[in-house]
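>>> structure of the sequence below:
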Amino acid sequence: MSDIPRSEYPRPQFVREDWLCLNGEWGFEIDQGDSGLERGLLERELKGSITVPFCPESDLSGIGNHDYYNAVWYRRRVKIPSAWTGRRILLHFQAVDYDSTVWVNDEEVGRHRGGFSPFSCDLSGVAAAGDDITIVLRARDNNQSPQPRGKQAREYGPEGAIYVRSTGIWQSVWLEPVPDIALRRPRITPDLANQAIRLEQPISGNAPGLRLRATLSDAGGEVTSAETSAELDLSPRLDLPIPADRLKLWHIGDPHLYDLDIALIDAGGLTIDSAKSYAGMRAISIDGKAIKINGAAVFQRLVLDQGYYPDGIMTAPSDAALIEDIELSMAAGFNGARLHQKVFEERFLYHADRLGYIVWGEFGDWGCRGEGPLDGEHQRPGADYITQWLECLERDYSHPSIVGWCPLNETWQSITDRITALDDVTHGMYLATKAMDGTRPVLDASGYAHRVAKADIYDSHDYTQDPDTFRERHSGLAGGAPYENDASQWGLPERIAGDSRWSIPYDGQPYFVSEFGGIWWNPDVKEDEDSWGYGTRPRDLDEFYDRFEKLCAILLDDVDMFGYCYTQLTDIYQEQNGIYKFDRGVKFDMERIRASQVKPAAIELADQ
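Residues are numbered from 1 along each chain as shown. Just a heads-up that it's a prediction; the model follows:
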């Protein structure tokens, strides 16, 4: 598969032996008026071609057109391997933006809405092993309709903190054979208090005598195994207790992962389905204002990572590029990232698990503003937000590197005596997250509009560039009055912004500044180049370092602050405030950047 782009196994925490990567050349055609079905695009050959999994806006796709698309069509002929006889065939799309309809041999086999979560089509009754099939996908992506789009531009081109769109397929496409009764994606939960890994294993059906077996192992061989009946429950559970002499924890920078083999066994003792996974033993807890990992307070030195690439846009050009971004971040002194306005591909999380790099999972919720007056319901997220976020939570639950969830970012709306759609969806997404995962803290909205009473975390965004002003703004945290975002920061008159209050009051939760810095620096900027960052650009590198060091130190030295998130890892198009260039080139003395961050934080020292 070396000549196929992005040919790595796309689901590394749930691996079956047999699969077929469908990345590479597909037929492609733009359907500007979304009339392709009526014009016969389903039945005929398409006029152009594209390299999947790269979106048509990207150079790597072979197209590189940034204009509006509205709808696009894909077509590919595939031969299903004959060796898969007797098994159902699943067609997987890791991510397609935004509304998808899939046909195989002219029969519709699936629909999906959402650009960040995977979906699958069961080809039973349509295709079988040994068949030649024709796959057709139509993706609709209207640039103006309210929908979760993250940082993708609704206007023609990128501007400010908004970037190039991604239309259609932007992650891997693949086929997989499965038996009639099959394993589904497992839910793997570390239980450090009881020194066990808990496996909840959904299955597609039951049968008399069916059993579930799981084996945990590491470099020293088998650690433990367990077995339970799978004939009575659609999601049988079992615990894998780890002997004290084999217990190794997953730590930041020192991640131990156990291999996990899962098997379904029929009444005759034959294995009818099996998969490989892995697990990390780590615990997350809240103790006062500290978030503890494995019982110890850890200051979360996070960087804002938006996952954009010059040639692939939202799709990394290679698996190595995903690894490089984590390693660059760690070299700069960060121990994790806030994965911002994008649900990163599974392989990024796999590498974060391997490398001991913590992350906060976030939904790409931007895309529903401008629906009303500034002081009213100008943000109206719908039920699709909750549905798509649940799909993302299901996909990513088992990754030990994820230490928190953030469904929304910078939602802002005045608090009045009326309950709005934003209130409903903020509460809905928070409750959905807690229902799906009770093991990690949840932030209802990063910055701006906090609407959920007793939410696990409280935060603010503060791009103040003057260290003295920054220190003063955050001096109230110890007294229970932290800095909060509200409409006054924009200087808007009340007749436009309404009541300046966006959030319910702080209630003593762990607190961090989840966006700060964003210091503008590009000494090579051309005279006519669109370039910006936050505040006034430093006059020279010495002024940059002085500002960076002082801003970080203010937060590191605050005993009530559990972490921060610096904006951002790389420059992205016109937003040139990254620690690295957009092409990942070096901008600064990384030893000096690192030294500013790695000193012990006050909240860590207080826990010793």
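>>> drop to CA atoms for contacts and neighbour counts, all remaining ones
OK.
>>> doesn't Leu264 make contact with Leu212?
Yes: look at Leu212 against Leu264 with C-alpha atoms under 8 Å: they come within range, at 4.9 Å.
>>> which residues of the chain score low on pLDDT?
The chain contains residues with pLDDT under 70 at 1-2, 371-376, 492-499.
>>> which residues are in contact with each of Leu212 and Leu264?
Common contact partners of Leu212 and Leu264 (C-alpha atoms under 8 Å, 6 or more residues apart in numbering): none.
>>> so how far is the first residue of stretch 528-544 from its last?
Separation of the first and last residues of stretch 528-544 by C-alpha to C-alpha, to the nearest Å is 23 Å.
>>> roughly how far is that stretch from the heart of the chain?
Its chain's C-alpha centre and that of stretch 528-544 lie 29 Å apart, by C-alpha atoms, centre = their mean, to the nearest Å.
>>> now do the buried residues in it.
Neighbour counts over stretch 528-544 (16 or more other C-alpha atoms under 10 Å) mark Ser531, Trp532, Gly533, Tyr534, Arg537, Pro538, Phe544 as buried.
>>> take those residues and keep only those in helices.
Phe544 (DSSP state H).
>>> next, format the buried residues of stretch 528-544 as JSON lines and append distance to Ala128.
Converted to JSON lines, the buried residues of stretch 528-544 look like this (distance: C-alpha to C-alpha, whole Å):
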{"residue": "Ser531", "distance to Ala128": "54"}
{"residue": "Trp532", "distance to Ala128": "54"}
{"residue": "Gly533", "distance to Ala128": "54"}
{"residue": "Tyr534", "distance to Ala128": "56"}
{"residue": "Arg537", "distance to Ala128": "61"}
{"residue": "Pro538", "distance to Ala128": "63"}
{"residue": "Phe544", "distance to Ala128": "61"}
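>>> from the buried residues of stretch 528-544, which two are the most distant?
Taking C-alpha to C-alpha, the two most distant members of those are Ser531 and Phe544; they sit 16.6 Å apart.
>>> residue boundaries of the strands in the stretch 51-200 of the chain?
Per DSSP state E, counting those that start in this stretch, the stretch 51-200 of the chain carries strands over the ranges 70-79, 88-93, 96-97, 99-104, 107-113, 119-122, 132-141, 168-169, 173-178, 187-191, 196-200.
>>> scratch that, the stretch 401-550 of the chain is what I was asking about
So, for the stretch 401-550 of the chain - with DSSP E, counting those that start in this stretch - the strands run 402-406, 458-462, 511-517.
>>> for the residue lying closest to Phe93 once chain neighbours are set aside, give me its contacts.
Spatial nearest neighbour of Phe93, excluding adjacent residues (C-alpha to C-alpha, 6 or more residues apart in numbering): Val173 at 4.7 Å. Contacts for Val173 were tallied using C-alpha under 8 Å, 6+ apart; they are Cys21, Leu22, Asn23, Val52, Pro53, Leu91, His92, Phe93, Gln94.
>>> again with Ala127
Ala127 neighbours (C-alpha under 8 Å, 6+ apart): Ile89, Val104, Ile133.
>>> scan the residues you listed and report the most crowded one.
Ile89 (25 neighbours; other C-alpha atoms under 10 Å).
>>> which ones are touching that residue?
Asp122, Leu123, Ser124, Ala127, Ala128, Ala129, Leu175, Glu176, Pro177, Val178 are the contacts of Ile89 under C-alpha under 8 Å, 6+ apart.
>>> ok, so what distance separates the residue nearest to the fifth one when sequence neighbours are not counted from Pro10?
Which is Ala128. Setting aside the residues directly before and after it, Ala128 is nearest to Ile89 in space (C-alpha to C-alpha, 6+ apart), at 6.7 Å. According to C-alpha to C-alpha, Ile89 stands 17 Å off from Pro10.
>>> ok, back up a step: and the residue nearest to Phe93, how far from Gly382?
28 Å.
>>> hang on, the earlier thing: buried ones among the contacts of Ile89?
Members of the contacts of Ile89 classed as buried by 16+ other C-alpha under 10 Å are Asp122, Leu123, Ala127, Ala128, Ala129, Leu175, Glu176, Pro177, Val178.
>>> which of those lies closest to Arg237?
Nearest to Arg237, judged by C-alpha to C-alpha, of the buried ones among the contacts of Ile89 is Val178 at 21.1 Å.
>>> ok, what's across the strand from that closest one?
The partner list for Val178 in beta bridges (DSSP bridges) reads Arg88.
>>> phi, psi of the residue located most distally from the centre of the chain?
Farthest-out residue of the chain from its mean C-alpha position, per C-alpha atoms, centre = their mean: Gly268, at 41.6 Å. According to degrees, to the nearest 10, the main-chain angles of Gly268 amount to phi -90, psi 0.
>>> rewinding a little: just give me the closest of the contacts of Ile89 to Ala290.
Glu176 (43.8 Å).
>>> how about the closest one, what does it touch?
Per C-alpha under 8 Å, 6+ apart, neighbours of Glu176: Asp18, Trp19, Leu20, Ile89, Leu90, Leu91, His92.
>>> how many other residues sit next to the third one?
Look at Leu20: counted by other C-alpha under 10 Å, it has 18 neighbours.
>>> so what's it up against?
Trp174, Leu175, Glu176.
>>> ditto for Ala595
Applying C-alpha under 8 Å, 6+ apart, we find Ala595 in contact with Gly333.
>>> report the separation between it and Ala553.
Counting by C-alpha to C-alpha - Ala595 and Ala553 are separated by 11 Å.
>>> do His251 as well
For His251 relative to Ala553 (C-alpha to C-alpha), the value is 24 Å.
>>> repeat for Asp245
40 Å.
>>> so the spatially closest residue to Ser58 that is not a sequence neighbour versus Ser318, what's the distance?
Once flanking residues are discounted, Ser58 sits nearest to Gly64: 4.6 Å by C-alpha to C-alpha, 6+ apart. Counting by C-alpha to C-alpha, the gap from Gly64 to Ser318 is 18 Å.
>>> please apply the same query to Ala337.
Relative to Ser318, and taking C-alpha to C-alpha, Ala337 is found at 20 Å.
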